[in-house]
Every structure is written in structure tokens, then in C-alpha cells.
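S.K.: below is the structure, and that's it, no one-letter string:
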């Protein structure tokens, strides 16, 4: 986020961080995490730490300079296999359709997980929460089909704009949302 580092991620999962100014490449970190359907890195806003999601039931945070693990948290107790599908540091979307809100440094839960998607009749699992955009208002997460207030725990459907939403970019102040749709040439901005 502060443009001082670049992370390289590979299946396995594993990662390395390069300091942009010096060119120094940090140690290869190959955590004891299962490689599921996902692999992603999320940076702390000050670039000092990062976490990785791989579909594994554990969320872990590392020092971006040394590769030393800082914290870890299992999303749900065994025998649950709920895995981390995407993270924006303290917000973790899961393979069980939930959004976990964690303390950014300790990874301790800030609140009970929010069930964004329920299991549909005849389906074995809920839809994954695997793509979202947090707003700059520090309380809202936008999904392509839902809006979650992670402070009060409410979930509401996204408005029908006439086309399926495929990508969302909230403004830094959280008052506007840039929406890309499946309809080429139609770019819209919404105020919430």
C-alpha cells in the first residue's frame, strides 16, 4: 500500500517480499497451510505486515520485512474445514459464506462472524465469500450481489442496476462506488 514493497505469491502456498528501494528480496516463506482453491495476499495499510489466504482454515500474519510469523487464528474449531477465501487484512471472506472481522494484529475476533450467504436448498455448502471490496467508511463491504455492514452485522442485497456487477471500487471516503458490469461501455457511479 505504501509502494515500498512488492510481494510474489506462488502455489504451495509460498511468498517472498522485495523491498523496492534496495531491491533486497526477503526470505521465501512457505507456511504450513493447505493449498485450496484460493491464493492471495493482503497488506496491512502501512505495509509492515501481510497475510495470505489459500482456502486453508488458518489465517496467518507475517512481518513483511523478515517473513517472521506474527499471529495466527483458526477460523472455526475442528472439525470445521471453513477456509479463508479472501482477506483485506482484518476482514476475511470464507468458503462457508461468512465474513470474519478480526483484529488486524492479533487476529482475535472483533465480533461474531457474519453469515453473508446461507446454504441453498439442495446445495451442500453456502456460496463462498471470495470477492469483496471494503469501503473507506470502515464499516461497509461491497460484494457483487450484497452489501455488508460489518459493524452492526447486517447484510442487504445490492441494488439491481440492470446488469450483473462484476467489479466494485469504493471511493476512499466510502460515499461513492464505481461499478463495472457485464454490459460493455456502461460504467456507472453510485452514491450510497
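M.R.: Received, thanks. If you're wondering where the values come from, they're calculated on a predicted model, not measured in any experiment. Residues are numbered from 1 along each chain as shown.
S.K.: any idea which element the residue located most distally from the centre of the chain lies in?
M.R.: Using C-alpha atoms, centre = their mean, the residue of the chain lying farthest from its centre is residue 22. It sits 28.9 Å away. Take DSSP states H and E as the rule and residue 22 turns out to sit in neither a helix nor a strand.
S.K.: from residue 35, how far out is it?
M.R.: Residue 22 sits 31 Å away from residue 35 when distances are taken as C-beta to C-beta, to the nearest Å. (Each C-beta comes from the backbone N, C-alpha and C, glycine too.)
S.K.: same thing with residue 15?
M.R.: According to C-beta to C-beta, residue 15 and residue 35 sit 12 Å apart.
S.K.: when these two are compared, which one has more neighbours?
M.R.: Comparing residue 15 with residue 35 by neighbour count (other C-beta atoms under 10 Å), the higher total belongs to residue 15, at 22 against 14.
S.K.: and the more buried one, what does it touch?
M.R.: When the contact criterion is C-beta atoms under 8 Å, 6 or more residues apart in numbering, the partners of residue 15 are 7, 8, 9, 28, 29, 41, 50, 52.
S.K.: rebuild these as CSV, extending it with pLDDT and distance to residue 127.
M.R.: Output for the contacts of residue 15, formatted as CSV (pLDDT from 0 to 100; distance: C-beta to C-beta, whole Å):
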residue, pLDDT, distance to residue 127
7, 94, 28
8, 93, 30
9, 92, 24
28, 95, 34
29, 95, 30
41, 90, 23
50, 93, 26
52, 87, 22
